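S.K.: quick one, what's the 3D model for this:
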Amino acid sequence: MSTAACPCGSGLAYAGCCEPLHDGRARATTAEQLMRSRYAAYARARPDYVFRTWHPRTRPADVALVPGLTWTGLTVLAVEAGGEDDDEGMVEFEAAHTAADGPTVLHERSRFVRRAERWVYLDGNAP
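M.R.: Now for the predicted structure:
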């Protein structure tokens, strides 16, 4: 278990935040929690989790991480629905990262749906 801060920005230790989701010991209870855990999965090089939490209708055949890309921060800008009693939700966020060509920010509005009692990422687009 890791005592390092969770990359999702919760302020909690990774071991008590996103690690249990990544390891399959817990499930995200909201769309925002799933989005944050997916960001943390990219930051912690856990493409298996990203793949498992992507809707099978829209996910790629393989989720490959970009070599040399380092995720450096997450800012949640807006959340619409996606609560514990909802079936759909949207999370708008900015995810900062650096690569060989310098720092960049990914700005996306991600859509999430509940499928078989689990939140999954459906798709996203730039606002």
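
S.K.: mind checking the SS state of Asp62?
M.R.: coil (DSSP: H, G, I helix; E, B strand; the rest coil).

S.K.: and it, what does it touch?
M.R.: Phe51 (Cβ atoms under 8 Å, 6 or more residues apart in numbering). Quick note: C-beta positions are derived from backbone N, CA and C, even for glycine.

S.K.: list phi and psi for it.
M.R.: phi -140, psi 140 (degrees, to the nearest 10).

S.K.: that one and Pro7: what is the separation?
M.R.: The spacing between Asp62 and Pro7, counted by Cβ to Cβ, to the nearest Å, is 22 Å.

S.K.: with His22 instead?
M.R.: In terms of Cβ to Cβ, His22 sits 11 Å off from Pro7.

S.K.: and for those two, which residues touch both?
M.R.: With Cβ under 8 Å, 6+ apart as the test, His22 and Pro7 both reach 40, 44.

S.K.: residues near Ser37, how many?
M.R.: 28 (other Cβ atoms under 10 Å).

S.K.: buried residues in the host helix or strand of it?
M.R.: Following DSSP states H and E, one finds Ser37 within helix 31-43. For helix 31-43, a neighbour-count test (16 or more other Cβ atoms under 10 Å) marks 31-43 as buried.

S.K.: could you provide these in CSV, with additional columns for distance to Leu69 and pLDDT?
M.R.: Converted to CSV, these look like this (distance: Cβ to Cβ, whole Å; pLDDT from 0 to 100):
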residue, distance to Leu69, pLDDT
Ala31, 24, 98
Glu32, 23, 98
Gln33, 23, 98
Leu34, 21, 98
Met35, 18, 98
Arg36, 18, 98
Ser37, 18, 98
Arg38, 15, 98
Tyr39, 13, 98
Ala40, 15, 98
Ala41, 13, 98
Tyr42, 8, 97
Ala43, 10, 97
